[in-house]
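K.L.:
only geometry, no sequence info:
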């Protein structure tokens, strides 16, 4: 009873200490923005910088393909009447990036050589290949007398649309693609949050160790309570933040959907025209207005799938589960070192699984039911991220969810056991910087 | 007299090193007990076992009649040698937190902390952050943190270091007052004259072993009256010309030495010295604790070395 109240004293101390800081307020308000900004930058960068920086000179022996290439992409290709020798020397002098020789028999042999200094990635080659392939295919078909209509037919792709059969046997819109992306964002958020709060824990432990507070606290409470109280207190800080964000996001959805529907229902051509001019006249809206007419924007908004409450619950649960498992291990590491730099080094074996998982997210997104994805969503060191992605991207069988919960609870208890053993030795240990092996030795003591 | 603390055959090893090797001693109620020993003797290990930070490998420690454990921690006040406070926390908040960790309610902790700060003339600092305090002031806060909860048993490790003489005296008075009010205190320090002033009983440990324990007066008596303190003017080279003495310490104007030949009278030594220097003070005394400390420890180290080679 008495020692229980001590645990609560530590928890509320750790919680209130952090809630009251300016950093917490700023982090809570700006956290979602920075995540949006982060993904925005990734999307923006991949959209606007996918043009290769390499520009190619073209020697065209067919006298037609070159022109059509330039008609397609005049910023990247330039016709040249110089001979190969001059172009080669210009490459060496860095005057040009490279040149292409389109041979007369390209339609028969289907081979083109690109000459460069080497390096420079493969983006420009892939792009060039895509461009010239289209032209050559057209010319080949044309040469053998294919009709214009036939050529169009050949070039026409096939659009595959996914439809979801619901439990009543009806067909509804399948949002797998957008839901997978939601899963990606949520999985990534768990990754970042686990690290942020985990490092709060190890920083707090190091602070108490370096400032010699550990000894005073250890003479008042059990080391286990000392460590667990800190982990739980900081976990509550994280939970407060996450719940706040969920509240904001869900209320945004709640209020924006009726508005969109209303706009959708009443909108007419005149209003669209008005909105368009408004968007274009405002400096920030200009770009959007050009690329997207308002009905498209409305359609896009409608395409945002309703996020099931289970995704939200799963996110909170796996965030907490992952946090508790990693944070206790971070506490153990923090107790063993004197500086955060040393902590980062010792954390590496612990953080490897989580980093590996992050790298595998694209696979998990596109194959959420593959055996690798299933394994990763059961293995406790990777399940917090993986399971959230899977829950969003597919229908996870209940027994898998149950198993992953069971395993992560076991994983957490194991971490707790290991960490509390290491911690009680670590906080009073000074001098030599221990290795990960030493930590394991301490755990066995 | 009632024993508050019983340490019985306590052993604690770290790897191959025995930081505490079969140590036994008792501390009586209402006494100030000196825990002495050179650096690395195992004092901190012993203190950590008394405060339940470490658990002995073997042997037993009982406090107030019960084995030391988590439940006993509330009865102990501990001032560690390496002082520690949260730098960015306000003094009062910090004291309340430490008080709560010793089982106090928030309110009683707050009342007690305020009372102590007023008593130590530090009430103005209650809402300052520790990082803004002077060293002496944060020492005061640390002191309060260790006795805020009115413990009946206190462990003070080098309690007066970092204080100016005035504050050191203030805290000496506080320690004496605490004892008067019934607290039992373990004092660990290297400053021997403080031990002579304050301690009733002592134990001396070295390399994990107990070398000496008992009442300070009796220990000194048992060493006999064969120490001589002199103040003089002149060159101290004469000390080399005296036979059958052992110099304990000396400066350019004073010396403390021991007569090795018990049959030699102090008078004969005095007349010997007078040949070399002008004497201002000549005193025959029991050995100082300092001398006993050095004597016992060097002898023990010598024996251990002999065994080794």
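P.N.:
Sure, I can see it. Remember, predicted model here, so these are calculated numbers, not experimental data.

K.L.:
any idea how far the residue of the stretch 201-309 of chain B found nearest chain A is from residue A:215?
P.N.:
Residue nearest to chain A within the stretch 201-309 of chain B: residue B:208 (17.3 Å; CB to the nearest CB). Quick note: C-beta positions are derived from backbone N, CA and C, even for glycine. Distance, residue B:208 to residue A:215, by CB to CB, to the nearest Å: 20 Å.

K.L.:
Give the next helix or strand downstream of the helix or strand where residue A:217 lies.
P.N.:
Taking DSSP states H and E as the criterion, residue A:217 maps to helix A:213-218. Sequence order places helix A:223-266 as the next helix or strand after helix A:213-218, per DSSP H and E.

K.L.:
other SSEs contacting that next one?
P.N.:
helix A:2-19, helix A:22-48, helix A:176-210, helix A:213-218, helix A:294-303, helix A:309-336, helix A:398-426 (3 or more CB pairs under 8 Å, 6 or more residues apart in numbering or on different chains; DSSP states H and E).

K.L.:
ok, back up a step: now check the helix holding residue A:217, is it near chain B?
P.N.:
Yes: using CB under 8 Å from any CB of the partner chain, helix A:213-218 comes into contact with chain B via A:213-218.

K.L.:
Out of the residues you listed, grab the one that's most surrounded.
P.N.:
Among the residues of helix A:213-218 next to chain B, residue A:214 has the most neighbours (other CB atoms under 10 Å in any protein chain shown), with 26 neighbours.

K.L.:
For the residue of the stretch 201-309 of chain B closest to chain A, give me its contacts.
P.N.:
B:17-21, B:23, B:41-42, B:45 (CB atoms under 8 Å, 6 or more residues apart in numbering or on different chains).

K.L.:
Likewise for residue A:387?
P.N.:
Per CB under 8 Å, 6+ apart, neighbours of residue A:387: A:314, A:318, A:377, A:396, A:401, A:404.

K.L.:
hang on, it is in a helix, isn't it?
P.N.:
Yes: assessed with DSSP: H, G, I helix; E, B strand; the rest coil, residue A:387 lies in a helix.

K.L.:
What helix or strand is the residue lying closest to it once chain neighbours are set aside located in?
P.N.:
Leaving aside its sequence neighbours, residue A:387 sits nearest to residue A:377 (CB to CB, 6 or more residues apart in numbering or on different chains; 4.3 Å). Assessed by DSSP H and E, residue A:377 sits inside helix A:371-378.

K.L.:
Quick check: bridge partners of residue B:258?
P.N.:
Here residue B:258 sits in beta bridges with residue B:227, residue B:246, as judged by DSSP bridges.

K.L.:
Hmm, residue B:242 and it touching each other?
P.N.:
No: look at residue B:258 against residue B:242 with CB atoms under 8 Å: they stay out of range, at 11.3 Å.

K.L.:
Is residue B:155 part of a helix or strand, or is it coil?
P.N.:
Secondary structure assignment for residue B:155 (three-state DSSP): strand.

K.L.:
Let me know the outermost residue of the chain.
P.N.:
I went with chain A, as the question did not name one. residue A:145 (49.0 Å; CA atoms, centre = their mean).

K.L.:
nope, chain B
P.N.:
residue B:275 (40.5 Å).

K.L.:
rewinding a little: okay, the residues of helix A:213-218 next to chain B in TSV with pLDDT next?
P.N.:
What follows is the residues of helix A:213-218 next to chain B, written out as TSV (pLDDT from 0 to 100):
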residue	pLDDT
A:213	90
A:214	89
A:215	90
A:216	90
A:217	91
A:218	90
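
K.L.:
quick one on the thing from earlier: show me which of the contacts of residue B:208 neighbour chain A.
P.N.:
Near chain A, by the rule CB under 8 Å from any CB, you find none of these.

K.L.:
out of the residues you listed, who has the most neighbours?
P.N.:
Counting by other CB under 10 Å, top hit in the contacts of residue B:208: residue B:20 with 27 neighbours.

K.L.:
residue contacts, the closest residue to chain A within the stretch 1-150 of chain B?
P.N.:
Across the stretch 1-150 of chain B, no residue is closer to chain A than residue B:84, which sits at 3.1 Å (CB to the nearest CB). By CB under 8 Å, 6+ apart, the residues touching residue B:84 are A:208, A:211-216, B:142.

K.L.:
from those, which is closest to residue A:430?
P.N.:
residue A:212 (9.6 Å; CB to CB).

K.L.:
which residue packs closest to the closest one, ignoring adjacent ones?
P.N.:
Residue A:212 sits nearest to residue B:84 (CB to CB, 6+ apart), 3.1 Å away.

K.L.:
Is that neighbour in a helix, a strand, or coil?
P.N.:
coil.

K.L.:
give me phi/psi at the residue in the stretch 151-300 of chain A that chain B sits nearest to?
P.N.:
Relative to chain B, the nearest point of the stretch 151-300 of chain A is residue A:212 (3.1 Å; CB to the nearest CB). Torsion angles at residue A:212 (phi, psi; degrees, to the nearest 10) stand at phi 60, psi 30.

K.L.:
Count the residues that sit near it.
P.N.:
Number of residues near residue A:212 (other CB under 10 Å) recorded here: 17.

K.L.:
now do residue B:141
P.N.:
Using other CB under 10 Å, residue B:141 has 25 neighbouring residues.

K.L.:
Pull the contacting residues for it.
P.N.:
By CB under 8 Å, 6+ apart, the neighbours of residue B:141 are B:85, B:91, B:94-95, B:122, B:125, B:130, B:133.
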